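Q: Quick one: sequence plus predicted model below, questions after.
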Amino acid sequence: MAKQDDFFKMQVRIPMELYEQLKESSDENFRSLNAEIIYLLSVCMGNKATSATPEQVREIVTDIVKTELKRSKKTD
């Protein structure tokens, strides 16, 4: 499991509209806001799972499954 020392902590200011979009996306994907931001940054940087730990891979797969289950419920 990752330790606090494995992370860089920072503050960032973003426009309220972007915050609301991120919050909505995190809710839809059953992730915390922090996890959603990390996920989206990782995808944009092209390293979604290449440097992920086994726990992170499990989280990514779990998130994908939850998203797909939610989508399938919407189409029923």
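A: Cool, the structure landed. Note that the structure is a prediction, hence the values are computed from the model and not measured.

Q: The helix or strand containing Glu68: which residues count as buried?
A: Here Glu68 sits within helix 54-75, counting by DSSP states H and E. Using 16 or more other CB atoms under 10 Å as the test for burial, helix 54-75 gives Gln56, Ile60, Asp63. Yep, even glycine has a C-beta here, placed from its N, CA and C like the rest.

Q: Quick check: the second one vs Ser42, distance?
A: Same thing as Ile60. Computed with CB to CB, to the nearest Å, the distance linking Ile60 and Ser42 is 9 Å.

Q: Likewise for the first one?
A: Plainly put, Gln56 is 9 Å away from Ser42 if you go by CB to CB.

Q: And for the most centrally placed residue in the chain, nearest residue in space, chain neighbours not counted?
A: Taking CA atoms, centre = their mean, the centroid of the chain lies closest to Glu36, which sits 2.8 Å from it. Using CB to CB, 6 or more residues apart in numbering and skipping the chain neighbours, the partner closest in space to Glu36 is Ser26 (3.6 Å).

Q: My guess is that neighbour contacts Leu33. True?
A: Yes: taking contacts as CB atoms under 8 Å, Ser26 lies within contact range of Leu33: 4.8 Å.

Q: what about these two, which has more around it?
A: The neighbour comparison of Ser26 against Leu33 (other CB atoms under 10 Å) goes to Ser26, with 18 against 13.

Q: which stretch of helix or strand covers the more buried one?
A: In the assignment (DSSP H and E), Ser26 maps to helix 16-28.

Q: could you measure Gln21 against Pro15, distance?
A: 9 Å.

Q: more neighbours, the two?
A: When Gln21 and Pro15 are compared for neighbours, Gln21 comes out ahead with 12 against 8, by other CB under 10 Å.

Q: Can you tell me how far that one is from Lys70?
A: 18 Å.

Q: pretty sure Tyr39 is touching Asp63, no?
A: Yes: at 7.1 Å, Tyr39 counts as touching Asp63 under the criterion of CB under 8 Å.
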